[in-house]
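*Asks:* only geometry, no sequence info:
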């Protein structure tokens with residue numbers, strides 16, 4: 001019922017989205033202010049502005065290597081950035097309400113992009129539902145957050161980045177559904193699921209080479225847990241920018257070597273309507289698969 005209401009609100013508001021225009025204008029102003037804090041002496045200025053402020057990546061060689069290795073979705077601003085920051089703030093015991101305000105402001109700074117807003121909606125809704133004692137499976141929470149985002153900003157029905165973020169979030173729900181607890185199997189399964197789920201939205205944008213699984217497993221954490229924190233620290237403490245440059249230069253060299261055996265992209269992109277079918281087909285699959293698992297438990301109980 002919640003999902004149907006959100007979809008109805010979205011489809012009934014397909015006119016010019018004043019709220020989106022206002023948010024985008026405000027975001028552009030904050031993003032320009034963010035750029036003024038980036039140390040100009042950085043040897044990897046373009047990468048630093050992309051990681052911290054969500055600015056478009058102007059280093060074409062780096063961008064091409066990220067695309068070939070299928071790491072582009074980790075490097076640019078996405079929902080994973082907000083989730084990582086939320087985990088950090090939670091470790092610091094910052095209250096949820098304060099964390100949400102900080103992340104909302106950060107979403108404005110990085111351009112109010114669909115992936116960040118979808119992740120922000122997911123965090124907010126998850127906190128709201130938790131306070132009321134409501135529990136939803138991760139895949140259903142992904143759908144609710146996505147539909148809520150579309151209800152607020154219907155223009156994003158045609159946003160490829162929202163579709164990519166939605167697919168990535170849905171892929172990460174697999175391990176929860178299968179109740180995989182061990183760290184390495186969970187990490188490996190997550191990467192395999194992301195590779196499969198992202199095949200459609202990345203078709204024609206990335207090479208989708210099997211080596212991408214290995215690269216995401218080995219190099220992905222470098223971006224999430226080393227480069228991203230170093231980027232923020234470099235803005236707060238400019239003297240640390242040399243450390244960021246050292247790590248970023250090394251990462252770029254490894255990325256260049258890793259991309260050599262991967263062919264370039266030549267396929268045509270899949271249409272937006274087909275991608276929406278891809279997403280909702282997976283949601284239907286999740287629903288029936290969860291029912292099947294539940295029936296299996298009921299059968300085992302009855303047999304006992």
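*Replies:* Happy to help now that I have it. Computed from a predicted model, the values in this text were never measured in an experiment.

*Asks:* which SSE is the nearest residue to residue 175 once chain neighbours are set aside in?
*Replies:* Counting by CB to CB, 6 or more residues apart in numbering, residue 186 is the residue found nearest to residue 175 once chain neighbours are left out, at 4.9 Å. C-beta coordinates here come from the backbone N, C-alpha and C atoms, glycine included. Assessed by DSSP states H and E, residue 186 sits inside helix 183-197.

*Asks:* List the buried residues of the next helix or strand after that helix.
*Replies:* Sequence-wise, the next helix or strand downstream of helix 183-197 (DSSP H and E) is helix 199-202. Neighbour-count burial for helix 199-202, counted by 16 or more other CB atoms under 10 Å, picks out 200, 201, 202.

*Asks:* Out of the residues you listed, which is nearest to residue 64?
*Replies:* Proximity of the buried residues of helix 199-202 to residue 64 (CB to CB) peaks at residue 202, which lies at 14.7 Å.

*Asks:* Check the closest residue to the closest one other than its chain neighbours and give its pLDDT.
*Replies:* Leaving aside its sequence neighbours, residue 202 sits nearest to residue 208 (CB to CB, 6+ apart; 6.0 Å). In this model, residue 208 is scored at 76, pLDDT.

*Asks:* is it fair to say residue 119 lies in a helix?
*Replies:* Yes: counting by DSSP: H, G, I helix; E, B strand; the rest coil, residue 119 is found in a helix.

*Asks:* what about the closest residue to residue 146 other than its chain neighbours, which helix or strand?
*Replies:* Taking CB to CB, 6+ apart as the measure, residue 146 lies nearest to residue 166, with 5.0 Å between them; neighbours along the chain are not counted. If you go by DSSP H and E, residue 166 is part of helix 160-171.

*Asks:* thinking again about what came up before, tell me, how many residues neighbour the residue nearest to residue 175?
*Replies:* Residues near residue 186, counting by other CB atoms under 10 Å, number 17.

*Asks:* Please apply the same query to the one 10 residues further on.
*Replies:* Counted with other CB under 10 Å, the neighbours of residue 196 add up to 14.

*Asks:* contacting residues for it?
*Replies:* Taking CB atoms under 8 Å, 6 or more residues apart in numbering as the criterion, residue 196 is in contact with residue 171.

*Asks:* For the buried residues of helix 199-202, give me TSV that also has distance to residue 121 and pLDDT.
*Replies:* Formatted as TSV, the buried residues of helix 199-202 follow (distance: CB to CB, whole Å; pLDDT from 0 to 100):
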residue	distance to residue 121	pLDDT
200	22	88
201	19	88
202	23	84
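
*Asks:* what sits against the residue nearest to residue 146?
*Replies:* Contacts for residue 166 (CB under 8 Å, 6+ apart) come out as 118, 142, 146, 279.

*Asks:* quick check: angle from the helix or strand hosting the third one to helix 160-171?
*Replies:* In this structure, residue 146 sits in helix 138-152 according to DSSP H and E. Inter-element angle recorded for helix 138-152 and helix 160-171: 160 degrees (by axes from the mean of the first three to the mean of the last three CA atoms, to 10 degrees).

*Asks:* so where is this protein shaky, pLDDT-wise?
*Replies:* 1-17, 265-266, 294-304 (pLDDT under 70).

*Asks:* Go again with 80.
*Replies:* Scanning the chain for pLDDT under 80 picks out 1-19, 73-80, 204-209, 263-267, 293-304.
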